[in-house]
Every structure is written in structure tokens, then in C-alpha cells.
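Q: What would the 3D arrangement of this be:
(one chain, ligands or ions: 1)
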Amino acid sequence: MIPYTKHNINNSDIKAVVKVLKSKNLTQGPEIELLENSLKKLTKSKYATVVNSSTSALHISCLALGLKKGDYLWTSTTSFVASSNCGLYCDAKIDFVDIDLNDYNIDINQLKKKLKKAKKKNKLPKILIVVHLAGISCKMSEIKKLSKIYKFFVIEDACHALSGKFKNSMVGSCKYSDITTFSFHAIKNITAGEGGAAMTNNSEISKKLNLLRTHGITREKKFFSKKNFKILPTHYEQILLGYNFRLTDFQAALARNQLKRLKKIFTERKKICDFYDKNLINLPIIKSKISREIISGYHLYIIRIDQTKTKKKRFELVNYLLKKKISVGFHYIPIYSHYYYKKYKFKIDDFPNTKIFSNTAISLPLYNGLNKKNLKRITTQIGRFFNND
Ligand SMILES: Cc1ncc(COP(=O)(O)O)c(C=O)c1O
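A: Prediction:
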């Protein structure tokens, strides 16, 4: 079976992890800061906070931006549930914006319309989370302009987009946003097993992110209350309600070691996508359109069946490929259609592009180590499916 994704661990990754396991620090050691420094160097953002998952990164990002009960958080319909769950964790109200059928990211025109309407009703979002689906950056300059007009914070959910670019800036630079989050989950372009990061250029936000990651605890003397006892040199105090969202040092070592070969990882993934681009032609397939100002992080390769050109359905393609021992994924069913979200009563007809996408899209196998022989098998079988009646 060709899987649709697979993690990529080599001997140097294992060595990097074992080195930490044999050291004095399993958690909170030097690797955390080293990983943060590597991420800052890569993205040119000023601050980085690494945490135990991107879900945690999104959660504390919302808290650091002051999201609370009664506020609105908006995101794209088509993402992993974490992109909106973070709003629910903060007791905020959530809402969705339809996707653009060119790249499956947030539709800027729909966003503009929705913001205009929301302003009239005094229901503007406090935070907009834009999702760089499959690794393709959203049109960040337009989003930044809107955030200035309508005064909302922007978080980039860049879980798929490490090593991607928008207008020559690395995703994660936060040039167009308040915070950018990355994921180091096992199947992401680089992994820590589980892990994530929040990048920002704002020192106050960064301080809050760091506090929220570790129980809201500080060693800053100005917060110490000396009234009741003599302060020891090891003293710390909790100054806000935080969490234990820390990454371990051995996980950080794994991610940092992988980050060292990010260029290689990126190049290999790009080659796979180029292969699909070149070999899936003259078929009733619609591929993502990436504008020239964007370099993808090549996390997923999404295709849609063009139902104006074929009667064949997506489930038939998926079943055919499974029979041929080729596994595929689907990213994602609309967040509002999850069982848990039914109570919020979103209507599918309010998101027509999402409806089309979720009936026609699949993600083809894409991982480091996917060889040419298997790639040929995949494209040949897709061709056979469409060409043989
Ligand atoms: C777009 C998106 N956002 C958020 C997340 C959550 O990341 P993590 O698994 O690191 O919590 C994921 C992970 O699958 C994701 O793909």
C-alpha cells in the first residue's frame, strides 16, 4: 500500500534525540531555545514560542490577543478543527468564511462582504485565523489591509506552510499578521512527534505567550510578594492562568535536526508536486492555482474532480485507488459539519464553494521518500480510472 503520508526520520534525527536523552535535561533544556532561534532565523520574525502542539499554539495565541467570552473569532471553513476550536476554548463565538476555489484558502471577496455586513451589526471579529491550506499562503497583504480597516487581529495558521513564502517573505515572518503558528505533528513537513510554535514580532504578545505556555509562572522579581515569607533564590510566582503546554527538550532536538535539512525536504516535496503537475494532464482534474507571489510549503497535493467534464465521482476514484493499493486523504470536511459543531447551526448553503470542494477534492500521496516508481503507479492508475469506462 502506498500511504498518503508518512513521517521521515533518519539516523541523525535519532542521534539528536538520544543525545538529549543522555543529557541532564529532558524538558526545558537548551534545545527549546535553540529551536526557537532556528525558527526566528528561518522566518525573520523577532520572537518564537515553541509548545507541545499547534493546537496549544493557537489556543495561547487567542488568549494572548485577549479573546474572551462574547468576542468573535472567524476562520476558514476548510481546515483542521483546531483552527476554530481555539476560539471555543476561550468562550468566544465562532464564524466561518467560504473558500476560494482556486487555492481553497479564505475567499477574500467573501471576507470583504462578510466584514461589511458584520460592521453594520456590530459583530466584527476580534481575531481572524487564516489557514494556508496545503502549504499555499493566503493573500496576506489584502488580509492585512482589511485588518487595519476593520481592526481585527490576524493569526496565520501555517501548520502546512513551513518554508512557504508570500511576496518574498517567509511564512512565519508575521509581516502581515500578529501571530503565525506552525505544527510539528508527525506528518507535517518537519516533526517533533507532536509540537508547535507561535511566532510574533510583538514583545508584549511574546511575553504573554511564554507565560501562558508555563502555567502563567514568572521569575521576574517585580511580581514577587515578600510579605509572608523569605524569598529563596529558586522562587517563582504565578501571575496569570496559564497551562503546561511545554515541549520536551528531546522533541525540540528532533525538530531542530529536521529543520537543518528543511531545504532538502522542501525540494523533494516540490519535485513530487511538479511530477503530479506534469503527469496529471488531459484528465478531468482541477489542480490548485498558486499565484506568482506565493511559494508553497508543499504539504499537500489536492486535486478536485471536474464534474463538468466527467460523471465519475470522487468515492469511485478513492475506491479504485484503494483497490490498486494507493491510499489518499481528504483535507478537510468543513469544520461546521463535524458532529460537535451541529449545535452552532451553520448552513452549508451559506458556503457554496466549500460545498463544491467537499464533494470533489482528495489529497494525493505526498511525503519525503515517495519514489518515482510509486509516483508513476499513482498517476498511471488515476489516468486509467478516468480513461477506461
Ligand atoms: C491546518 C491545521 N491547523 C492546526 C492543526 C493542529 O496542529 P497540531 O496537531 O500540532 O495540534 C493542524 C494539524 O493537523 C492543521 O493541519
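Q: for the helix or strand where F357 lies, packing partners?
A: Using DSSP states H and E, F357 falls within helix 352-360. Identification of packing neighbours for helix 352-360 by 3 or more Cβ pairs under 8 Å, 6 or more residues apart in numbering; DSSP states H and E yields strand 301-305. In this view, the C-beta of every residue, glycine as well, is placed from N, C-alpha and C.
Q: The strand it packs on pairs with which strands, and in what direction?
A: strand 285-287 (antiparallel), strand 361-364 (antiparallel) (DSSP bridges).
Q: any idea which of those is most buried?
A: Most buried of the strands paired with strand 301-305, by mean neighbour count (mean count of other Cβ atoms under 10 Å): strand 361-364, with a mean of 21.
Q: Isn't I335 up against K342?
A: No: using Cβ atoms under 8 Å, I335 is not in contact with K342; the gap is 11.5 Å.
Q: more crowded one of these two?
A: More crowded of I335 and K342, by other Cβ atoms under 10 Å: I335, with 24 against 10.
Q: mind listing what that one touches?
A: By Cβ atoms under 8 Å, 6 or more residues apart in numbering, the residues touching I335 are T75, T77, T78, S79, V81, S83, S84, F96, Y341.
Q: Mind doing that once more with 6 Å?
A: The contact partners of I335, taken as Cβ atoms under 6 Å, 6 or more residues apart in numbering, are V81, S84.
Q: same check, this time on I326
A: Shown in contact with I326 (Cβ under 6 Å, 6+ apart): I2, I378.
Q: do K165 as well
A: Counting by Cβ under 6 Å, 6+ apart, K165 has contacts I295.
Q: Backbone dihedrals for it, both of them.
A: Main-chain torsions, K165, degrees, to the nearest 10: phi -140, psi 150.
Q: and it, what are its bridge partners?
A: With DSSP bridges applied, K165 shows beta-bridge pairing to M170, I295.
Q: ditto for T181
A: Note on T181: beta-bridge partners by DSSP bridges are D157, A198.
Q: Please report the distance of it from the ligand.
A: 7 Å (Cβ to the nearest ligand atom, to the nearest Å).
Q: Hmm, that residue is touching G195, no?
A: No: applying Cβ atoms under 6 Å, one finds T181 not in contact with G195, separated by 11.3 Å.
Q: Please identify which of those two sits among more neighbours.
A: The neighbour comparison of T181 against G195 (other Cβ under 10 Å) goes to T181, with 31 against 27.
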